[in-house]
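>>> Here's my sequence, what's the structure:
(6 chains)
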Number of protein chains: 6
Amino acid sequence: MRNDERKIDELRPIEIHTDYIKHPEGSVLITVGETKVICNASIEDRVPPFMRGQGKGWITAEYSMLPRATEQRNIRESSKGKVSGRTMEIQRLIGRALRAVVDLDKIGERTVWIDCDVIQADGGTRTASITGAFVALVLAFGSLIDKKALSAMPVTDYLAATSVGILPDGSAVLDLKYEEDAKAHVDMNVVMTGEGKFVEIQGTGEEATFSPEQLQVMLDLANQGIQNLFEKQKDAIGKWSSSIGTSKR
Amino acid sequence: MRNDERKIDELRPIEIHTDYIKHPEGSVLITVGETKVICNASIEDRVPPFMRGQGKGWITAEYSMLPRATEQRNIRESSKGKVSGRTMEIQRLIGRALRAVVDLDKIGERTVWIDCDVIQADGGTRTASITGAFVALVLAFGSLIDKKALSAMPVTDYLAATSVGILPDGSAVLDLKYEEDAKAHVDMNVVMTGEGKFVEIQGTGEEATFSPEQLQVMLDLANQGIQNLFEKQKDAIGKWSSSIGTSKR
Amino acid sequence: MRNDERKIDELRPIEIHTDYIKHPEGSVLITVGETKVICNASIEDRVPPFMRGQGKGWITAEYSMLPRATEQRNIRESSKGKVSGRTMEIQRLIGRALRAVVDLDKIGERTVWIDCDVIQADGGTRTASITGAFVALVLAFGSLIDKKALSAMPVTDYLAATSVGILPDGSAVLDLKYEEDAKAHVDMNVVMTGEGKFVEIQGTGEEATFSPEQLQVMLDLANQGIQNLFEKQKDAIGKWSSSIGTSKR
Amino acid sequence: MRNDERKIDELRPIEIHTDYIKHPEGSVLITVGETKVICNASIEDRVPPFMRGQGKGWITAEYSMLPRATEQRNIRESSKGKVSGRTMEIQRLIGRALRAVVDLDKIGERTVWIDCDVIQADGGTRTASITGAFVALVLAFGSLIDKKALSAMPVTDYLAATSVGILPDGSAVLDLKYEEDAKAHVDMNVVMTGEGKFVEIQGTGEEATFSPEQLQVMLDLANQGIQNLFEKQKDAIGKWSSSIGTSKR
Amino acid sequence: MRNDERKIDELRPIEIHTDYIKHPEGSVLITVGETKVICNASIEDRVPPFMRGQGKGWITAEYSMLPRATEQRNIRESSKGKVSGRTMEIQRLIGRALRAVVDLDKIGERTVWIDCDVIQADGGTRTASITGAFVALVLAFGSLIDKKALSAMPVTDYLAATSVGILPDGSAVLDLKYEEDAKAHVDMNVVMTGEGKFVEIQGTGEEATFSPEQLQVMLDLANQGIQNLFEKQKDAIGKWSSSIGTSKR
Amino acid sequence: MRNDERKIDELRPIEIHTDYIKHPEGSVLITVGETKVICNASIEDRVPPFMRGQGKGWITAEYSMLPRATEQRNIRESSKGKVSGRTMEIQRLIGRALRAVVDLDKIGERTVWIDCDVIQADGGTRTASITGAFVALVLAFGSLIDKKALSAMPVTDYLAATSVGILPDGSAVLDLKYEEDAKAHVDMNVVMTGEGKFVEIQGTGEEATFSPEQLQVMLDLANQGIQNLFEKQKDAIGKWSSSIGTSKR
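Numbering: from 1, shown residues only, chains lettered A, B, ... in the order given. Sure, this is the predicted structure:
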């Protein structure tokens, strides 16, 4: 039993609040336990210069935390004048993951900007961002379809992410909160599709290592958790749930 | 009658949601019509180098917008690597205004960081920030008092802010939403104390001017609106409302 | 009586030296007491990208101080790699103020760059900058007219600025020198037109407040001082003085 | 058979040239096929501020490419004034990986700076950097031991890295050169220890996914390749090879 | 004869206006033909960290141009957020040159900041800066001596600089104005001491070369011009002229 | 006799290794004693905006050191976010020097990027960079000629550089290694052509001066050393040696 009474294979409570901010084409507030992330999807009718004239679109992501999303206040990256390595890693991860389930040829020369802003952090902010951003992205495409600006849902499959890790006592656990994450020997983020394929696996032993057997246990836990996340996503996207994967690549 | 059915001297609906984020000493979500700002007050037990050894504290403010708080997505200031002139003006204004109603000698060598993050913008974000930040600040000091880390409320008076302006038809109006603000000939922000004193007046004619008579009408409207804001603040700070001004400078 | 023997409603001596630097279209050295500012107006035959194709022009301002314009040497903003919040506020103010008295539709797709470089500072540098920049601007437009590149003076009215403030003894005074400014409880900058309209009012109580009555006294002092500044400007612009306001918007 | 005649489970030729640059405590030129990286380990007798007084050391890594290490010349990051997200990811990875096999408590309050400078790139630069940096690190600690500045080798195990991937035809291959990497559907970097434990797994499907079965095949290939790298490392570190792991954590 | 009627070995008219700005310890406006530079010397009672505890001082220089000092307006380096290579070269040159004639052991742990701000440019700004800065430096040390903060003049010799060059017709000329400089094939800056020694020679053929004979002719012209500059400097420093070189190293 | 047994007019051993890196059009590793510099010449088929449409090319240079090229590790300029003044001076020097012996009208609208990366430093890195870059440049043009992309060698003469200096005992020496350079009173870099013309002379007395006689001795030493460098360059460029200067300007 963990100190928040969860079983080792139990996710924290998830809520996905849609239409959270009024301006974006898709907007979601996702809460995973005490972690809260605003995920906005904005659609711009052009692509970056290196992609022009190819008739396909692009998805790019940005990630940030409010200074006091965390126990200790962090200096704003805008004040420091540069984005940290951690932030860049996370925003590259989010963008890559989402692009894996979107048929970019179907969205025309458009850029989707995904903004994940963590307003309260308690571990798992990058995986919550991916899970929430997927919903915002589907809703944004849905709004284009409603406006007849897009003919079909270009999303080829569900996509969600969670973290797994190995605690100092050697036990593998699902969905670490900050207190667990801070002391874990191994930390792994897993992004999967509805079909059960991996999109991204990032497993890291910070001053520690893990065996092939431990890897397997962690991947099984992640798979189990992600199935639950798909259910929450399906509820949140409502009428668009049946359109996912219809335009398979 | 304005196009959102308000009278010229009518504020938009105000809500102040306290204890919004769990980590900060004081945290508020203020909504003014469709404008929504998270105002967090964080207390750090030291002051900037230039103030050390004087036995007094400091209050500093930062302001930011989520990229899609607005109709068009804005580039993040962290990505641009620098903070805009507009942002700097606003954060200097918020800090100055709050310092005017706090007895900095009474808070010891502490810095209060005020973070105003606009998650949805529809005009009046800087005045909403001041009004909400005041509440977050009082709650933060209250939490120190509750923890016996401070002996008395160092806030000397209420403080709230609103905007007034002159529309193209020459009429002066209170609390402009974005649509009005964008076309106004004169835009004025007024910060006042519970005693009816001014802390800050910033009146600007962008490619326009205003007469002494128009100035007077705008100041009267602002005063009237700010009285209503004080009522909302009083409700939000609850048990601390009676302590405001007891430690007069 | 103030410690430099001035009456409370008395400006410091003003000199406006025209054609100070040879390259700019308009160039002025303005001295207000011990404050000295070089104001250059440069005309560029294009506008920023966001204004192209509209057939109108733009005026933008930059402000800087030599490192040793002040009692203590300041680090150059170029060495720090960024422009301070104070500088940005001032340059935005100067640009806005000048645009209020120029008919931008009359100047074609041109940008006027106003550079205000303070070579010696003793209080009131931003208001001296506005007062001097107005003259440089008129002379720059005049040089275009002389060269037949512009058909009429696009300046709709005079424009000047001064500061007023409230000293610790409660007295309101006009045109504060640095020593007074540093200890003033309230500091207000007022920009007015020849017609007696306000363009900008910025009143700030740094850790202090001011009453409506005090506001009125300060505005009256400012108005009186600005009338004198208009006389100095008229002398400086010479033959162009009669053309101001002929092309009313 | 691949287009450079290698089998799918065959590494490119590896050479590790020690004592390459004269100043660093440890210096290696590693070549993996046409990829060439200078790996220098520099030892500084102090730690970053956040670690002072804890009696332990730190290892940090930096990574860079010469502008023309690649087919197309890249702009220097020093000229751009910022380090790219890709570079940050790689240098964080190298540092984390090396820290996993060093007992930081045994090196005293010292910082080891690992500099990996790619002088010629043909795929796999980050894994070549890790494999080469391990050798430079051991040699640097060895030089301290020789100088009696350290009593025992603080390295607890061998550490090497390679890449594996899935080509468009679905085949999994070991140690991708640039031409293969550019078209691979899945790209995975694996860092392992001499004991057969994982330190880091980063598998990414760029606009693609991979199944659990494919993951297993890739991990097996990586394990096989890394065994060969350990042999090369053992030769390169010579007399220090027997000291690895003697000071187990 | 040159197109401003000067002979090939004739300097432009020189004026050195002392006590130009009131705050600095030494302040000079130097005009060389149409080139005008404000040279301020500021004395700070500490040295940079790398020099602390050695009992000696330091001299550092900064150089800048007003945006419209030139025919075309230049973007401010503070707006660009970085200092250009040209500016850095010039400020390093000015600092090095002045340090060559000051006995840094005699000034205590002080830093002298030399600020050369070009308000109007017409060629030769770096050499005018050195010539003017020398005077500002002597006056700054003089003010310390007058205040009994320094016992003797630490300046060991006179120092002045001029430019020489070779025009397209092959003729060598002294003190090039901008029009000549822009078309010269060779441009050389020479800094010399009162004793006739060189401190710095920088000769550059931009897309051209020069022979040993041409070098000798240029050095002779420079020497002749610099003798005249020493006369102007002697007049400007007045009572301190006899103290130069009394504290020989 | 110097402490590395060299005579005062003796160069350190020189090696020029061609075709060092595979991607660039021209690539050289030059070693001058213990100084080692990779010089790459990359040809891009366009010119900077300010040169477009003139039918001529451009040569630009960048210079950098690996962090541990020196005895003490230096912070990377990419990490600091800016390029130092020293680096800018050197890269401007390299570019200017090479442009002096290339007929830019003959290379079409192309930019040659010269990258000089010091991998090991022991004095004279900027002169070694020029000497090596000349060879890389010739080889790069040669590769264009071999590919029929250029009709003739546009290099008008040989170009090489060395340093000379005056040691504390007053003796002038050729080709200073770091240990000598650090204590020299005068440091001079000389760039010459095969015809015996100067391209650049930069002589600097850091806190010291030099007489016209000393200047002459140094120039003679430099000339003698540079003759030897031309021999090494001729060997390195092999078949292209006879084409140098055939397309005289």
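
>>> Tell me who's in contact with the closest residue to residue A:113 other than its chain neighbours.
Of all residues not flanking residue A:113 in the chain, residue A:42 sits nearest, at 4.4 Å (CB to CB, 6 or more residues apart in numbering or on different chains). To be clear about C-beta, it is placed using only N, CA and C from the backbone, and glycine gets the same treatment. Counting by CB atoms under 8 Å, 6 or more residues apart in numbering or on different chains, residue A:42 touches A:24-25, A:112-113, A:115, A:140, B:67-68, B:73.

>>> what about 10 Å?
A:23-27, A:111-115, A:136, A:140, B:67-68, B:72-73 (CB atoms under 10 Å, 6 or more residues apart in numbering or on different chains).

>>> How about residue A:187?
Applying CB under 10 Å, 6+ apart, the residues near residue A:187 are A:123, A:163-166, A:176, A:180-181, A:202-206, A:208, A:218.

>>> any idea which element it lies in?
strand A:186-193 (DSSP states H and E).

>>> tell me which residues in that strand are buried?
Using 16 or more other CB atoms under 10 Å in any protein chain shown as the test for burial, strand A:186-193 gives A:186-193.

>>> Spell out whether the longest helix along chain A and chain D are in contact.
Longest helix in chain A by number of residues (criterion: DSSP state H): helix A:212-237. Yes: remark: helix A:212-237 sits within contact range of chain D at A:212, A:214-216, A:219-220, A:223, by CB under 10 Å from any CB of the partner chain.

>>> distance of the closest residue to chain F within chain A from residue C:4?
Shortest chain A-to-chain F distance, computed as CB to the nearest CB: residue-wise this is residue A:82, at 7.2 Å. Taking CB to CB, to the nearest Å as the measure, residue A:82 falls 47 Å from residue C:4.

>>> what's the answer for residue A:58, then?
Distance from residue A:58 to residue C:4, by CB to CB: 64 Å.

>>> Among these two, which residue is more densely surrounded?
residue A:58 (21 against 12; other CB atoms under 10 Å in any protein chain shown).

>>> just checking, the more buried one touches residue A:105?
No: in this structure, residue A:58 is not within contact of residue A:105 by CB atoms under 10 Å, at 11.4 Å.

>>> For chain A, name the helix or strand with the lowest mean pLDDT.
Every helix and strand of chain A was ranked by mean pLDDT, DSSP states H and E. The lowest is helix A:77-80, at a mean of 88.

>>> Quickly check: that helix near chain C or not.
No: if you take CB under 10 Å from any CB as the test, helix A:77-80 misses chain C, and the best it gets is 10.5 Å.

>>> following that helix, which helix or strand comes up?
helix A:85-99.

>>> Any residue of that next one touching chain F?
No: figure legend: helix A:85-99 not in contact with chain F (CB under 10 Å from any CB); closest approach 11.2 Å.

>>> Any stretches of chain A with poor pLDDT?
Applying pLDDT under 70 to chain A flags the ranges A:247-249.

>>> what does it put close to chain F?
A:81-82.

>>> Can you show me the strands along chain A?
A:14-18, A:26-32, A:35-44, A:58-65, A:111-120, A:159-166, A:172-174, A:186-193, A:198-205 (DSSP state E).

>>> I'd like to know which of these lies nearest to residue B:50.
strand A:58-65 (28.1 Å; CB to CB).

>>> Show me what the closest one is packed against.
If contacts are counted by 3 or more CB pairs under 10 Å, 6 or more residues apart in numbering or on different chains; DSSP states H and E, strand A:58-65 sits against strand A:35-44, helix A:77-80, helix A:85-99, strand A:111-120, helix A:125-146, helix B:77-80.
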